[in-house]
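> Okay, here's the prediction I keep looking at, along with the sequence it came from:
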Amino acid sequence: MSVKQEVLKTLEENRGEFFSGEELAGRLKVSRAAVWKSIKALETMGYKIKAVPNRGYCLATASDVLSVEGIKTFLNLEQESLNIEVKEVTGSTNQDAKLAAANGASHGSVFVANTQTNGRGRRGRNFVSMEGSGIYMSIILKPLLTASDAIYLTTAASVAVYRAIKMVTKKDTQIKWVNDLYYEGKKVCGILTEAVTDCETGLIDSIILGIGINFNIQTEQIPSELKEVAGALYHGDTNGVSRNQLIAEILCQVLQICMDSENREFLEDYRENSMVLGKEINILGYSEPKKAIAIGIEDNGGLIVEYEDKKRETIHTGEVSIRLI
């Protein structure tokens, strides 16, 4: 880890606290000049660092700059070697990841952007990306799975993000089948999984896991046509929680849960935090929505539904909405 990363790590872990140049130099076993150069470099990157005579340096609690250094600050030593790319603006992080995967990018590579100009959600929908207020990231995974097993990854990814949000922000979200997350009744996260399959073996060569989160958005920033359905984890003060911190924890949880295909323990969290189980739903994608009740989640992630005629079926793809009574 570079001196700049070490300085940032110390300030990130102790937001709001002051450290003198001498104290930082002693902690990191470097010169005070090296600390000063690192502080200036971080300020150039946009980090808000307070410098007060006789008190030292302090990272402002409101500072929230996306950076490779900032993300790696919250990763363990093994994960620090992962390939991480951060852009200010990109068309789509999923497209960035696809191109990198085609060029041989390694498992666990992650692509992050401060904003997207051509983000896509499920069924080819536009995904609205608000500059500086969301998390837009895509991870390359290389699991040993067949295409028929891929739905398990979708449900696993939603639990990974649920757990990361819970751990970092202490907020409880709910999961809407298949993989949307809601907070206080409004959507705050969408997940898009795209598989690249080896035609000869039938195995998945790589999975592109795209994650979009409304992190910190003022209510008035949300487009009028989305105000009824879209929310955010925060609407102002984040209590010192940064996007870098949440991205790092999401990466950690995804690599842990999504790569252990034999362990379906995560489904307990999925079922417990489902917002559709026991609810009357509409199954979309037909000429007219099909009415049903969501009664269970299979171990492969399929949604068990019961129709009005009491017949049951497990659906593995598609979209549902909760019927309002």
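Everything's here; your move.
> the helices in the stretch 151-300 of the chain, which residues?
Ranges of helices within the stretch 151-300 of the chain are 243-257, 266-272, based on DSSP state H, counting those that start in this stretch.
> Would you tell me which of those helices gets closest to Arg27?
Arg27 sits nearest to helix 243-257 of all the helices of the stretch 151-300 of the chain, at 20.5 Å, using C-beta to C-beta. Heads up, the C-betas are built off the backbone N, CA and C, glycines and all.
> Report all helices and strands that that closest one contacts.
The contact analysis (3 or more C-beta pairs under 8 Å, 6 or more residues apart in numbering; DSSP states H and E) places helix 243-257 against helix 68-72, strand 110-116, strand 134-141, helix 150-169, strand 204-214.
> contacts for the second one?
Judged by C-beta atoms under 8 Å, 6 or more residues apart in numbering, the contacts made with strand 110-116 from elsewhere in the structure are 66, 71, 82-93, 96-97, 100, 127, 129-132, 134-140, 247, 251.
> let's see it at 6 Å
66, 84-90, 92-93, 96-97, 129, 131-132, 136-139, 251 (C-beta atoms under 6 Å, 6 or more residues apart in numbering).
> The first one too?
Contacts to helix 68-72, defined as C-beta under 6 Å, 6+ apart, come from residues 5, 8, 80, 84, 86, 244, 247-248.
> Go ahead and build a PyMOL selection from the buried members of those.
To isolate the buried members of these in PyMOL, using 16 or more other C-beta atoms under 10 Å:
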select buried, resi 5+8+84+86+244+247+248
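> and which of the contacts of helix 68-72 is nearest Thr317?
For the contacts of helix 68-72, the nearest to Thr317 is Ile247 (28.1 Å; C-beta to C-beta).
> residues contacting the closest one?
Contact analysis of Ile247 by C-beta under 6 Å, 6+ apart lists 71, 135, 137.
> Check what pLDDT the nearest residue to it once chain neighbours are set aside gets.
In this structure, Ile247 finds its nearest non-sequential neighbour in Ile71, 5.3 Å apart by C-beta to C-beta, 6 or more residues apart in numbering. In this model, Ile71 is scored at 94, pLDDT.
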